[in-house]
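1. sequence? don't have it. structure:
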């Protein structure tokens, strides 16, 4: 099993560009989420999904969009990248609440 | 009210010593408290977790102590090893799916 797979691993964007960070899991987990990790700030929840077709906002949703058309995939879209979105992005999944999350290895995103 | 405060920010321990990391929370609705371990270039991985109906949970060298009345929980790493050098995050989950993470503790165990 691959677990949670994130692509790309690294990306450099220019301000104003758009891109999609991909996340896929093969564990049939209902719950998926996106976090950003910044130095000294821990992991902050961007968006999450409790199943296909259901998404909701986390702590820092502005500037990001998500959709969940299948159980396996949960892409994160940056519509117009800003330097403040330079960060390491992690996708995670779990069976349901109260169960441990499984994290991908992250996407390191730099916006110039 | 949604914060989870973690301390210390960094910790240096001699090999064989005890590493202690503390977290405090305010929201009494939190009902699941996991600890994650993260190595450089990797995503966090679950280390150990506890629910508020238990005061202590031990798995190998790792122990969570939970004080519900004080709204605090801590991670103890006994017989710390250089391989334990990593960043540790506490977290708390509410009745919804949302997790709130602490700001992390960078642990270095000296050989």
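-> Looks like it arrived, so ask away. In this text, all values refer to a predicted model and were calculated from it rather than measured experimentally.
2. use CA for all of it now, contacts and neighbours both
-> Fine.
3. For the closest residue to chain A within chain B, give me the pLDDT.
-> Chain A sits closest to residue B:103 of chain B, with a gap of 3.9 Å, by Cα to the nearest Cα. We have a pLDDT of 93 for residue B:103.
4. again with residue B:29
-> The model reports residue B:29 with a pLDDT of 86.
5. shouldn't it be in contact with residue B:94?
-> Yes - between residue B:29 and residue B:94 there is a contact under Cα atoms under 8 Å: 5.7 Å.
6. more crowded one of those two?
-> Shown here are residue B:29 and residue B:94; by other Cα atoms under 10 Å in any protein chain shown, residue B:94 has more neighbours (18 against 12).
7. where's residue B:84 relative to residue A:42, distance?
-> Residue B:84 sits 19 Å away from residue A:42, going by Cα to Cα, to the nearest Å.
8. Just want to know which of these two has more residues nearby.
-> residue A:42 (21 against 18).
9. Please report the distance of that one from residue B:54.
-> Residue A:42 sits at a distance of 26 Å from residue B:54 (criterion: Cα to Cα).
10. and if you look at residue A:7?
-> Residue A:7 sits 39 Å away from residue B:54, going by Cα to Cα.
11. Report pLDDT for residue B:1.
-> With respect to pLDDT, residue B:1 scores 54.
12. do residue A:21 as well
-> The model reports residue A:21 with a pLDDT of 98.
13. The residue nearest to it when sequence neighbours are not counted - how many residues pack around it?
-> Across the structure, with Cα to Cα, 6 or more residues apart in numbering or on different chains as the measure, the residue nearest residue A:21 apart from its sequence neighbours is residue A:76 (5.1 Å). Residues within reach of residue A:76, counting by other Cα under 10 Å, total 22.
14. Quick one: residues contacting residue A:76.
-> The contact partners of residue A:76, taken as Cα atoms under 8 Å, 6 or more residues apart in numbering or on different chains, are A:20, A:21, A:22, A:23, A:34, A:64, A:65, A:66, A:67.
15. go again using 6 Å as the cut-off
-> A:20, A:21, A:65, A:66 (Cα atoms under 6 Å, 6 or more residues apart in numbering or on different chains).
16. Same check on residue B:17?
-> So residue B:17 contacts B:79, B:80 (Cα under 6 Å, 6+ apart).
17. So it: helix, strand or coil?
-> In terms of secondary structure, residue B:17 is coil; the call rests on DSSP: H, G, I helix; E, B strand; the rest coil.
18. now the strands for chain A?
-> For chain A, the strands defined by DSSP state E occupy A:4-7, A:10-13, A:19-25, A:31-37, A:43-51, A:54-57, A:64-66, A:76-78, A:87-94, A:102-103, A:107-111.
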